[in-house]
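Participant: Make a model of this:
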Amino acid sequence: MAKVVVVGGGWAGCAAAIAAAKAGADVVMLERTDMLLGTGLVGGIMRNNGRFTATEEMFAMGGGDLFEVCDQVSRHKNIEFPGHKHANLYDVAKVEPAVRNRLSQYKNIEFRTLARVRDIHMEGSKITAVVIDETDAIAGDVFIDASGTAGPQGNCGKYGNGCAMCIYRCPTFGGRVSIAGKAGIKEIIGKKGDGSFGAMSGSCKLHKDSIRDDIIDTLNKTGVAVVPIPEELRKEDALSKKACQQYALKEFAENVILLDTGHAKLMTPYYPLDKLRHIPGFENARFEDPYSGGIGNSMRYIGMCPRDNHLKVKGDVQNLFCAGEKAGLLVGHTEAIVTGTLAGHNAVRLTLNKPLLEISPSLAVGDAIAHVNEQMQTDEGLTKKYTFSGSVYFQRMQEKGLYTTDVNAIRQRVGAAGLSDVFAKPVS
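Facilitator: All right, here's what the predicted structure looks like:
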């Protein structure tokens, strides 16, 4: 049986592990911290706008495990907030144990936390093992780099406003190590609109008990709270710095917009604490993630992989795939699960000398993977971020007629592409 090694236990890594296991491989997934999911630990937004379409496409293709988990632990379903419809908000406190439980149901998946990959072994142009420490090397037939593009902490200082002590916890668990970089692949750095490198994470989390009771009551009941910001306290310039450009709308500059994911999710990359505390209702506000959310957030898109539309890494390495942010300027949990699923499935196909799968551009997920790959070859494309839920890619979805909430129509489209349950079955 083929052995697939997945480096990184975020949404992309977990999706890759499940897809490879379903395809018939033995899988080892390695996560450097003590918890899975990475930014998923403080994320929470699913099914908004075009993500609904992408989610249902993945269910129809047999890759719905992690979407099902998110649906099961959602605090609010089918809600609206500015610029976004039919969103689900999963509970960030419940989602990680639920994902662990789902992974544990696959007997051919071994996942390890506190397992920071430090180096690799290669023979010629093939990776043969990843190195945890001096005495622990994990051998495999094919490898998937789902290590993300945020950190290590030096990059948050170099490209941002310093280490923000975010959910990645680089000072505690060590910084991200790029497997592709270790293999000699020249990686790609994303840019902001002004041409500078990187992009800040798009939201902060506030402690609910630090916010006025009536605001939290609304948040808990409806999932959304919108509080106007006095004009003199607005900080519209911050919107251009966000990785999540689908939220770079004037409503997010003129209001404090909170979403209930267990935390009070504040839809801005950072907010000066003294200004925030002058907004009525936030006089006692404090940040939960990042703790330095008054000045900055984690820097992302530092080190993406050149890759094809199968998510196989291009360059002088034969057996490496990428997923999540390593696969390009795709923003969000849905996007990470989509790329992870394809990478995990194709990793097994590679070991069996089967043709690699490229998802048809007649589906939103296939079009997004191909479109982002194309855009990353251009200077302008590197300054944008792409997501099913808004900004330039959601506009493209609508223009191409790919966005729909008609589940039967989505299933028919997947069937017409010959991809029904493709990720549910062993590769043979």
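
Participant: Can you read off the pLDDT for Cys163?
Facilitator: Cys163 carries a pLDDT score of 89 in this model.

Participant: swap that for His121, sorry
Facilitator: Reading off the model, His121 has pLDDT 97.

Participant: how many other residues sit next to it?
Facilitator: Here the number of neighbours of His121 (other Cβ atoms under 10 Å) works out to 14. C-beta here means a position set from N, CA and C on the backbone, and glycine is covered the same way.

Participant: quick one, phi/psi of it?
Facilitator: In terms of degrees, to the nearest 10, the main-chain angles of His121 are phi -110, psi 140.

Participant: Lys182 versus that one, what's the distance?
Facilitator: Note on His121: its distance to Lys182, by Cβ to Cβ, to the nearest Å, is 10 Å.

Participant: and if you look at Gly315?
Facilitator: For Gly315, the distance to Lys182 - Cβ to Cβ - is 12 Å.

Participant: Return the residues in contact with the nearest residue to Leu206 once chain neighbours are set aside.
Facilitator: With Cβ to Cβ, 6 or more residues apart in numbering as the criterion, Leu206 has its nearest non-adjacent residue at 4.3 Å, and that residue is Ala264. By Cβ atoms under 8 Å, 6 or more residues apart in numbering, the residues touching Ala264 are Lys205, Leu206, His207, Lys208, Ile211, Ile216, Leu219, Ala225, Leu258.

Participant: and if you look at Gly184?
Facilitator: Gly315, Asp316, Val317.

Participant: what helices or strands is the lengthiest helix in the chain leaning on?
Facilitator: Ranked by number of residues, the top helix in the chain under DSSP state H is helix 333-351. Helix 333-351 is packed against strand 3-7, helix 11-23, strand 45-46, helix 50-60, helix 65-72, strand 142-145, strand 320-322, helix 364-375, with contacts defined by 3 or more Cβ pairs under 8 Å, 6 or more residues apart in numbering; DSSP states H and E.

Participant: What's the first helix or strand after the last one?
Facilitator: Meaning helix 364-375. Sequence order places helix 391-399 as the next helix or strand after helix 364-375, per DSSP states H and E.

Participant: for that next one, which positions count as buried?
Facilitator: Counting neighbours by 16 or more other Cβ atoms under 10 Å, one finds that the buried residues in helix 391-399 are Ser391, Val392, Tyr393, Phe394, Arg396, Met397.

Participant: Which of those sits closest to Gly366?
Facilitator: Met397 (11.9 Å; Cβ to Cβ).

Participant: Could you check the pLDDT of the closest one?
Facilitator: Listed pLDDT for Met397 reads 98.

Participant: That one and Gly50 touch, don't they?
Facilitator: Yes: with contact defined as Cβ atoms under 8 Å, Met397 reaches Gly50; the gap is 4.7 Å.

Participant: picking up where we left off before, can you check the contacts of Gly184 and name whichever has the most neighbours?
Facilitator: Comparing the contacts of Gly184 by number of neighbours (other Cβ under 10 Å), Val317 comes first, having 21 neighbours.

Participant: which parts of the worst-scoring helix or strand of the chain on mean pLDDT are buried?
Facilitator: Lowest mean confidence among the helices and strands of the chain (mean pLDDT, DSSP states H and E): helix 250-254, at a mean of 82. Using 16+ other Cβ under 10 Å as the burial criterion, the residues of helix 250-254 that qualify are Phe252, Ala253, Glu254.

Participant: could I have that helix exported to PDB, CA atoms only?
Facilitator: What follows is helix 250-254, C-alpha atoms only, in PDB (Å, rounded to 0.1, in the frame of the first residue of the first chain):
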ATOM      1  CA  LYS A 250     -17.100  50.200   3.100                       C
ATOM      2  CA  GLU A 251     -19.500  48.600   5.600                       C
ATOM      3  CA  PHE A 252     -16.500  47.000   7.300                       C
ATOM      4  CA  ALA A 253     -14.800  50.400   7.500                       C
ATOM      5  CA  GLU A 254     -17.800  52.200   8.800                       C
END
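
Participant: what's downstream of it, the next helix or strand?
Facilitator: Criterion used, DSSP H and E; the element after helix 250-254 is strand 255-260.

Participant: can you pull the alpha-carbon coordinates of that next one into PDB?
Facilitator: Only the C-alpha atoms of strand 255-260 are listed here, as PDB (Å, rounded to 0.1, in the frame of the first residue of the first chain):
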ATOM      1  CA  ASN A 255     -19.000  49.700  11.400                       C
ATOM      2  CA  VAL A 256     -17.600  47.200  13.900                       C
ATOM      3  CA  ILE A 257     -19.000  44.000  12.400                       C
ATOM      4  CA  LEU A 258     -18.900  41.000  14.800                       C
ATOM      5  CA  LEU A 259     -19.600  37.400  14.000                       C
ATOM      6  CA  ASP A 260     -20.300  34.700  16.600                       C
END
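
Participant: How far does the following helix or strand past it sit from its chain's centre?
Facilitator: Heading C-terminal from strand 255-260, the first helix or strand you meet, by DSSP H and E, is strand 264-266. Strand 264-266 sits 18 Å away from the centroid of its parent chain (Cα atoms, centre = their mean, to the nearest Å).

Participant: Need the three-state assignment for the residue of the chain positioned farthest from its centre.
Facilitator: Relative to the centre of the chain, and counting by Cα atoms, centre = their mean, the farthest-placed residue is Glu232 at 33.9 Å. Put simply, Glu232 is helix when judged by DSSP: H, G, I helix; E, B strand; the rest coil.

Participant: Tell me who's in contact with it.
Facilitator: Here Glu232 is in contact with no residue (Cβ under 8 Å, 6+ apart).

Participant: And it, how close does it get to Leu259?
Facilitator: 25 Å.

Participant: ok, now Asp274?
Facilitator: 24 Å.

Participant: So what's the residue count around Thr334?
Facilitator: Other residues close to Thr334 by other Cβ under 10 Å number 29.

Participant: show me what contacts the residue nearest to it when sequence neighbours are not counted?
Facilitator: Of all residues not flanking Thr334 in the chain, Arg51 sits nearest, at 4.4 Å (Cβ to Cβ, 6+ apart). By Cβ under 8 Å, 6+ apart, Arg51 lies in contact with Gly332, Thr334, Thr387, Phe388, Ser389.

Participant: For the residues you listed, pick the one with the most neighbours.
Facilitator: Phe388 (31 neighbours).

Participant: what's that residue in contact with, if anything?
Facilitator: Per Cβ under 8 Å, 6+ apart, neighbours of Phe388: Asn49, Gly50, Arg51, Thr53, Ala54, Gly332, Thr334, Glu335, Ala364, Ala368, Phe394, Met397.

Participant: and Leu357, what helix or strand is that in?
Facilitator: Per DSSP H and E: nothing holds Leu357, as it lies in no helix or strand.

Participant: Could you find the closest non-adjacent residue to it?
Facilitator: Closest to Leu357 by Cβ to Cβ, 6+ apart is Asn346, at 5.7 Å.
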